[in-house]
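Engineer: prediction below, plus the sequence it came from.
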Amino acid sequence: MSFKDLHLIKPMQKAVEASGYVEPTLVQQRSIPFILEGKDVIVSAQTGTGKTAAFALPILQKLYDRQDTPKKGKKIKALILSPTRELAIQIHKNFKTYAEFTKLKSLVVFGGTSIEPQIEALKNGIDILVATPGRLLDLHKQDYINLDFIETLVLDEADLMLDMGFIDDVKKIERLCPEDKQSLLFSATIPDKIEDLANTILKDPERIDVTPTKSVAKDVSQVLYYVPKQSKIELCLHLMRNTIEGNVLIFRRTKFGVDKLEKTLSKNGYAVNSIHGDKNQSDRQTALNKFKNGYVKVLIATDVAARGIDINELDNVLNFDMPNVPETYVHRIGRTGRAGHTGKAYSMCSADEKSYVKTIQNAINLQIPVETEHPYPLDPKAKPIVHKKQSGSKYKKGRKSEASKKKKKRWY
């Protein structure tokens, strides 16, 4: 199937061709026709499946015939809600790319940065608005945003909206829009609360499930290390010195854990950056850009902050903390092995996380290969193994140093 078969107009076809797309992805094939018909949809699709184009292209096409409206007369006709600033920026970037051969104007607004430039941009008139819920409601309260003319409302990453506590804001925003709007809900997973939300705001929606949420990418090799919790930092350093090659995205459960690991890796000579919810927008975007452009090879993130990361050539994912939800594991490791590339996923499991591994393996119907040949086995009777790539004296010195720190520091 080609994009022409989806009945896209020539400006949209030119845009996808300029973007290097050859064939539409499954989510695009199944979603675009329904959206062009004006139907509500609820789509279950993972990050990296091309879902942004699945709603952006038909939205742009439906607005194309009215793009010559004078700037001051422009009304916001399409609203895309995103849970994070990074994801909102990425969505807006895609809209600008797909609108290259049109005169349609879009804007992104989010918190954590000055509101004045966003206000000025809104005054110039736009067709499409990408926004995070908090900043949108703030601008609406100050009468800078009018939602009375919204024709299409998109809720992207709805499950993350739920996790971040935005559902009440989303419901409020939905009520501020016209009743006869088209509503599109995209979510990596569809838990019961998302079903309830869909039943509230969608009208007889088409349901599209393009990727089972518990399937693992075939191009990602997985390996599991059982390790004492207090030895995870030593094993992390060991893997980075001897096993992991290329860039690596490391996941930690908490913001404090992210900061702790970043300081440790930096002290050990690694060029590393991190992103989490407590960092301001400028720092987060700078860290992400440095990682994307190869200036740093290590990026540490929480799941919430990482949802907006879009990197085609990610070599490795390291689960420093095992996730307690199988879908989260699938989403994490699915960030590598994209676009025809192979990737590797490393996971470190402490005794208290064994139940998480069991749940994950049952969900993905796969036993994750276990690597026992490492210096910090969970079994205290096992003898430490010195990696062949390092001399014994150098390795022992490093291990002694880390061991001495364990007695003085609290580990997370």
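Structural biologist: It's in.

Engineer: residue 54 is in contact with residue 28, correct?
Structural biologist: Yes - between residue 28 and residue 54 there is a contact under Cβ atoms under 8 Å: 4.6 Å. From N, CA and C alone the C-beta is placed, and that goes for glycine too.

Engineer: mutual contacts of these two, please.
Structural biologist: With contacts defined as Cβ atoms under 8 Å, 6 or more residues apart in numbering, no residue is adjacent to both residue 28 and residue 54.

Engineer: and stretch 44-55, average pLDDT?
Structural biologist: Across stretch 44-55, pLDDT averages out at 84.

Engineer: let me fix that: stretch 268-278
Structural biologist: 87.

Engineer: flag every buried residue along it.
Structural biologist: Neighbour-count burial for stretch 268-278 flags 268, 270, 272-276 (criterion: 16 or more other Cβ atoms under 10 Å).

Engineer: after the helix or strand containing residue 327 comes which helix or strand?
Structural biologist: Under the criterion of DSSP states H and E, residue 327 resides in helix 326-333. As assigned by DSSP H and E, the chain's next helix or strand after helix 326-333 is strand 343-349.

Engineer: and stretch 104-116, C-alpha only, in PDB?
Structural biologist: Provided in PDB are the C-alpha atoms of stretch 104-116 (Å, rounded to 0.1, in the frame of the first residue of the first chain):
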ATOM      1  CA  LEU A 104      -1.500  26.100   7.700                       C
ATOM      2  CA  LYS A 105       0.000  27.400  10.900                       C
ATOM      3  CA  SER A 106       0.600  25.500  14.100                       C
ATOM      4  CA  LEU A 107       1.900  26.300  17.500                       C
ATOM      5  CA  VAL A 108       3.100  24.400  20.600                       C
ATOM      6  CA  VAL A 109       2.500  25.700  24.200                       C
ATOM      7  CA  PHE A 110       3.800  24.100  27.400                       C
ATOM      8  CA  GLY A 111       4.700  25.100  31.000                       C
ATOM      9  CA  GLY A 112       8.100  25.500  32.500                       C
ATOM     10  CA  THR A 113       9.000  28.400  30.200                       C
ATOM     11  CA  SER A 114       7.900  32.000  29.600                       C
ATOM     12  CA  ILE A 115       4.300  32.400  28.700                       C
ATOM     13  CA  GLU A 116       4.700  35.800  26.900                       C
END
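
Engineer: any idea how far residue 303 is from the nearest residue to residue 150 once chain neighbours are set aside?
Structural biologist: Computed as Cβ to Cβ, 6 or more residues apart in numbering, the closest residue to residue 150 that is not its neighbour in sequence is residue 177, at 4.3 Å. According to Cβ to Cβ, to the nearest Å, residue 177 stands 29 Å off from residue 303.

Engineer: show me the shaky parts of the stretch 151-300 of the chain.
Structural biologist: 211-217, 277, 281 (pLDDT under 70).

Engineer: dihedrals phi and psi, residue 124?
Structural biologist: The phi/psi pair for residue 124 (degrees, to the nearest 10) reads phi -80, psi -10.

Engineer: do you know how far it is from residue 43?
Structural biologist: Separation of residue 124 from residue 43 (Cβ to Cβ) stands at 32 Å.

Engineer: for residue 20, same thing?
Structural biologist: Relative to residue 43, and taking Cβ to Cβ, residue 20 is found at 23 Å.

Engineer: repeat that for residue 223.
Structural biologist: For residue 223, the distance to residue 43 - Cβ to Cβ - is 32 Å.

Engineer: more neighbours: which of those two?
Structural biologist: residue 43 (27 against 14; other Cβ atoms under 10 Å).

Engineer: mind giving me the domain split of the protein?
Structural biologist: 4-209, 220-406 (automatic domain parsing).

Engineer: before we move on, back to that, with distance to residue 323 added, can I get the buried residues of stretch 268-278 in TSV?
Structural biologist: Converted to TSV, the buried residues of stretch 268-278 look like this (distance: Cβ to Cβ, whole Å):
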residue	distance to residue 323
268	25
270	24
272	21
273	22
274	18
275	17
276	16
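
Engineer: now stretch 311-325: buried residues?
Structural biologist: Of the residues in stretch 311-325, those buried (16+ other Cβ under 10 Å) are 311, 314-323, 325.

Engineer: to clarify, my last question referred to stretch 198-205.
Structural biologist: Across stretch 198-205, burial judged by 16+ other Cβ under 10 Å covers 198, 201-202, 205.

Engineer: got TSV for those, with secondary structure and distance to residue 183 too?
Structural biologist: Output for those, formatted as TSV (DSSP: H, G, I helix; E, B strand; the rest coil; distance: Cβ to Cβ, whole Å):
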residue	secondary structure	distance to residue 183
198	helix	9
201	helix	5
202	coil	5
205	coil	8
